[in-house]
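In: just need the structure, nothing else, for what follows:
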Amino acid sequence: MIMEKQGEETMEREQRRRTKSTVTLTDVAREAGVSLATASKALNGRSQVKAETRERVLEAARALSFTPNPFAQALNSTRTGTIGMLTADLDNRFVLPVLLGAEDAFGAGSTSVLLCDARGDSIREQHHIRTLIAKRVDGIVILGRTTNPRRSISAGIPVPVVYAYAPSEDPADPSFTPDNVMAGTLAADHLVERGRRRIALVNGEPSYAAARDRARGVNDGLAAHGLSLLGGDVLYGQWTESWGRQCTETLLDAHPEIDAIIAASDQIARGVLDQLRERGRSAPHDVAVIGFDNWELLSAASRPPLTSIDMNLEDLGRAAARELFSAIGGEAARPGLHRLPVRLVPRESTASA
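Out: Sure thing, here's the model as predicted:
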């Protein structure tokens, strides 16, 4: 009886010792009755292990609360669980939400993200690409600062590459960008539905693809209702409040009957609203105003709060991340430009006439 009790105490001490110490792969192999190599293959999902043997190893690992060493796993796997994200301008306010959306999707799969900022420098960009490849990332997301197409870096890269916001010039690359043509059409449709008919467009710089695409969408949307822009022209200029004020002054002088202004950015729209107040015109009762980008720092704080087109940039980042995950998993890439839908966020600046 005494010997039996001593044996039980010895076993309890041994169990406590093993619980407190780190359980190794050797312990798992011994528990499952297999070799160390077989245990490693079973835990890493290798196909050379029989199903019943794999289950025995997994059961042993669960019983011992075995936690694999991530560094050892990386050495035994063709994947490292690491993604590279390369941006041209980390301070750009359009890049950050795309980055957050992508990182959110990556984080859901317990994937590590290495973020590099090229700061618009092509030499720095090449350096970062070499560094990411040297660190054996599983794939790379390239984030642009504008929606203008950019040169492809995919040639010679041994891992999948996906482009977000700024599409690749190479149609063989998968690229994701907001649908700015759709954005322009949504703005035009919304104003017409609110009873507006004499509508002008105060645009940004024509060198930006976003400005050209939004103008096309606005014109297409108005044409579908049998309308055209007031004065017949798109007013191209700067992405600034001062440009919005200047154009509004000109429009009110030339077309006092104007009842709506589409501003190609929220910043331009703020200038439009300021100048309308200066001239004693009420928004939205006299002139409705709509902007783009839904930058809440401006749109929600405007007087009145500004209706704006949201580019759904976090959704765009998530879509790019999912595409990269699929490519890493061996699925065929979806080449070409993928324009993702945008949405209207209505506020007081476009109330019905």
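In: so how far is residue 253 from the residue most central in space within the chain?
Out: Of all residues in the chain, the one closest to the mean position by Cα atoms, centre = their mean is residue 317, 1.6 Å from it. Distance of residue 317 to residue 253, computed by Cβ to Cβ, to the nearest Å: 43 Å. All C-beta atoms are positioned from the backbone trio N, CA, C, and that covers glycine.
In: likewise for residue 131?
Out: Separation of residue 131 from residue 253 (Cβ to Cβ): 56 Å.
In: now do the buried residues in the regular element (helix or strand) spanning residue 30.
Out: Using DSSP states H and E, residue 30 sits in helix 25-32. Neighbour counts over helix 25-32 (16 or more other Cβ atoms under 10 Å) mark 25, 27-29, 31-32 as buried.
In: return the closest of those with respect to residue 340.
Out: residue 25 (44.3 Å; Cβ to Cβ).
In: how many residues are close by the closest residue to the residue nearest to the centre of the chain other than its chain neighbours?
Out: Counting by Cβ to Cβ, 6 or more residues apart in numbering, residue 101 is the residue found nearest to residue 317 once chain neighbours are left out, at 2.7 Å. Taking other Cβ atoms under 10 Å as the criterion, the count of residues near residue 101 is 21.
In: can you tell me the SS state at residue 101?
Out: For residue 101, the secondary structure call by DSSP: H, G, I helix; E, B strand; the rest coil comes out as helix.
In: any idea how far it is from residue 318?
Out: For residue 101, the distance to residue 318 - Cβ to Cβ - is 5 Å.
In: residue 138 now?
Out: Per Cβ to Cβ, residue 138 is found 17 Å from residue 318.
In: still on that earlier bit, who has more neighbours out of residue 131 and residue 253?
Out: residue 131 (14 against 9).
In: and the pLDDT at the more buried one?
Out: For residue 131, the model assigns a pLDDT of 92.
In: show me the contacts for it.
Out: residue 116 (Cβ atoms under 8 Å, 6 or more residues apart in numbering).
In: in which helix or strand does it reside?
Out: According to DSSP H and E, residue 131 maps onto helix 122-134.
In: closest to residue 61 out of the buried residues of helix 25-32?
Out: Looking across the buried residues of helix 25-32 and measuring by Cβ to Cβ, the closest to residue 61 is residue 28, at 5.1 Å.
In: quick one: contacts for the closest one?
Out: Each residue near residue 28 by Cβ under 8 Å, 6+ apart is listed here: 39, 43, 57, 60-61, 64, 66.
In: follow-up on the earlier one: ok, and what's touching the one helix or strand the residue nearest to the centre of the chain maps to?
Out: In the assignment (DSSP H and E), residue 317 maps to helix 313-328. Residues outside helix 313-328 that contact it (Cβ under 8 Å, 6+ apart) are 79, 83, 94, 97-106, 109, 138-141, 159-160, 162-165, 174, 176-178, 333-334, 338, 340.
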